[in-house]
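Peer 1: any chance you could fold what I've pasted below:
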Amino acid sequence: MFKKIADSFYTSLIYKDNYKIYVLGLKNTLIISLFAVIIGVVVGCLVAVVRYNSQAKKKSNPLSLLCDFYVMLVRGTPVTLQLLILYFVIFDFMKYQQILIGVLAFGLNSGAYVSEIIRGGILSIDKGQMEAGRSMGLTGKQCMLYIIMPQVVKNTLPAIFNEFIALIKETSVVGYIGVIDLTFAGKLIQSGYAEAFLPLFVVAGVYLIIVYLMTFVLKKLERRLSRSDRN
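Peer 2: Just a heads-up that it's a prediction; the model follows:
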């Protein structure tokens, strides 16, 4: 049994430098996740502010309706379907830019969820702070930028961090458009060398390590934020 495990380990990782396939998959997973979460935060903040202003004024406009539709569409359809539509339909002319399309797909998907996080954070801020800022001569945009948003970012940072962790795992479907991500790397080794189990366990182990490290950083961040709140 141990010899079989050792042989499987050698075939899955060492033979013909197969570990490099996992390294490539990990690199692509992290690249897509990192840039997607950046797009998600930027898009999410913009969408949240537009929807909040529309809600505060109790008046819809074409931009707020578009943002509402965007959030409903993204949250109401699977991310795999969104990825395939972007790749095969909308960006059909960019079929050899799979990583870029993956970044856009997951960034737009993340943006819808981040927008709800940010909007909830804005709604949690006392309305009196906006009124106090306006009484000091600041415009509504200045109040939002300099008073409300810094508090929102601080309050929602743990939730956004959790979104980043979830995004890393969600990118496991990017292999559908031909990107060698971490999961697809395991499948390549599995099918190429008839190794049924070990490649999948290697991939699972790498995901667990990433999530553990991210969770560790998140806990450190939460403790620091709680200390700053007490001060």
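
Peer 1: max-length helix in this protein?
Peer 2: helix 19-57 (DSSP state H).

Peer 1: so for that helix, what gets flagged as buried?
Peer 2: If you call a residue buried by 16 or more other Cβ atoms under 10 Å, then helix 19-57 has these buried ones: 21-22, 24-26, 28-29, 31-33, 35-37, 39-41, 43-45, 47-54. To be clear about C-beta, it is placed using only N, CA and C from the backbone, and glycine gets the same treatment.

Peer 1: hmm, who's touching stretch 97-115?
Peer 2: If you take Cβ atoms under 8 Å, 6 or more residues apart in numbering as the criterion, stretch 97-115 is touched by 28, 31-33, 35-45, 47-48, 51, 67, 70-71, 73-75, 79, 82-83, 86-87, 91, 94, 160, 163, 167, 170-171, 174, 177-179.

Peer 1: give me the element the most centrally placed residue in the chain is part of.
Peer 2: Per Cα atoms, centre = their mean, the C-alpha nearest to the average position across the chain is that of Leu167, at 3.7 Å. The secondary structure element spanning Leu167 is helix 149-170 (assigned by DSSP states H and E).

Peer 1: following that helix, which helix or strand comes up?
Peer 2: helix 182-192.

Peer 1: which elements pack onto that next one?
Peer 2: helix 19-57, helix 198-230 (3 or more Cβ pairs under 8 Å, 6 or more residues apart in numbering; DSSP states H and E).

Peer 1: centre of the chain versus the longest one, how much separation?
Peer 2: Read it as helix 19-57. Between the centre of helix 19-57 and the centre of its host chain there is 5 Å, according to Cα atoms, centre = their mean, to the nearest Å.

Peer 1: change the start of the numbering to 207 and stick with it
Peer 2: I'll keep to 207 as the first residue from here, and by that count the last item is helix 225-263.

Peer 1: any idea which helix or strand comes after it?
Peer 2: helix 268-282.

Peer 1: buried ones in the very next helix or strand once past that next one?
Peer 2: Heading C-terminal from helix 268-282, the first helix or strand you meet, by DSSP H and E, is helix 285-291. For helix 285-291, the neighbour count (16+ other Cβ under 10 Å) marks 285, 288-289 as buried.

Peer 1: got it, and stretch 400-417?
Peer 2: Those would be 401, 404-406, 408-409, 412-413, 416, for stretch 400-417 by 16+ other Cβ under 10 Å.

Peer 1: and the pLDDT at the closest residue to Ile371 other than its chain neighbours?
Peer 2: Nearest residue to Ile371 in three dimensions, chain neighbours excluded: Met420, at 4.9 Å (Cβ to Cβ, 6 or more residues apart in numbering). Met420 carries a pLDDT value of 90.

Peer 1: with Leu394 as the reference, measure out to Met420.
Peer 2: To Leu394, Met420 is 25 Å away according to Cβ to Cβ, to the nearest Å.

Peer 1: of the two, which one has the most company?
Peer 2: A direct count of neighbours by other Cβ atoms under 10 Å for Met420 and Leu394 places Leu394 higher, at 18 against 15.
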